[in-house]
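Peer 1: below is the structure, and that's it, no one-letter string:
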């Protein structure tokens, strides 16, 4: 298996999105009640930089003053390989953020799409469920800060050009969800 994601891939943050539903992108402006964006430097691109000290934060639907156990639910991202090639995801790994364990993503969905342009990827009908389950970050005990969770394997043979990850649950009550890295492993087709 080889790494499937690079810092040069196209990536956009999402909120208020459900599996097989339309994608709702996070706006750039901080403070939007409809889809709160991260603070400066905590943008989604940092999850591809190979640095466990950087962190992506997503406040989800409500502003950052609201604290909920499921604040990160429905947040996530779309990633499209810069190469435009099809790939088959077979494993993935999440990294924890540098602080606040209650923000750790615990369960996720991963969906794949045959499309690679953002207009098509906004449509829920573009996505097929590839995985639903644990992120590999310990559910009950804090595994530590800025560390990788367990490598999670996936039974998948279908190639896709784009992937969408949505947070299904987080560890506890906080004002956001956060993670430092996401790595996909598998192989490229043709």
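Peer 2: Perfect, I can see it now. Source: prediction; values computed, not measured.
Peer 1: and residue 10, what does it touch?
Peer 2: Residues in contact with residue 10 (CB atoms under 8 Å, 6 or more residues apart in numbering) are 79, 80, 82, 118. To be clear about C-beta, it is placed using only N, CA and C from the backbone, and glycine gets the same treatment.
Peer 1: let me fix that: residue 97
Peer 2: Taking CB under 8 Å, 6+ apart as the criterion, residue 97 is in contact with 55, 57, 103, 104, 145, 146, 178, 179, 180.
Peer 1: tell me how far it lies from residue 53.
Peer 2: According to CB to CB, to the nearest Å, residue 97 and residue 53 sit 9 Å apart.
Peer 1: again, but for residue 167
Peer 2: 21 Å.
Peer 1: overlap in contacts, residue 97 and residue 53.
Peer 2: Common contacts of residue 97 and residue 53, defined by CB under 8 Å, 6+ apart, comprise 146, 180.
Peer 1: on that earlier part again, which of residue 167 and residue 53 has more residues huddled nearby?
Peer 2: residue 167 (27 against 13; other CB atoms under 10 Å).
Peer 1: isn't there a strand covering the more buried one?
Peer 2: Yes - judged by DSSP: H, G, I helix; E, B strand; the rest coil, residue 167 forms part of a strand.
Peer 1: wait, residue 76 touches residue 18, no?
Peer 2: No - look at residue 76 against residue 18 with CB atoms under 8 Å: they stay out of range, at 10.4 Å.
Peer 1: so what sits against both of the two?
Peer 2: With CB under 8 Å, 6+ apart as the test, residue 76 and residue 18 both reach residue 166.
Peer 1: and these two? which has more neighbours close in?
Peer 2: Ranked by neighbour count (other CB under 10 Å), residue 76 and residue 18 place residue 76 first, with 29 against 14.
Peer 1: tell me the buried residues within the contacts of residue 10.
Peer 2: When the contacts of residue 10 are checked for burial by 16 or more other CB atoms under 10 Å, the buried set is 79, 80.
Peer 1: what's the farthest-apart pair in the contacts of residue 10?
Peer 2: The distance between the two most remote of the contacts of residue 10 (CB to CB) is 13.7 Å, for 82 and 118.
Peer 1: for the closest residue to residue 131 other than its chain neighbours, give me its contacts.
Peer 2: Computed as CB to CB, 6 or more residues apart in numbering, the closest residue to residue 131 that is not its neighbour in sequence is residue 110, at 4.2 Å. Shown in contact with residue 110 (CB under 8 Å, 6+ apart): 89, 92, 129, 130, 131, 132, 154, 163, 164, 165.
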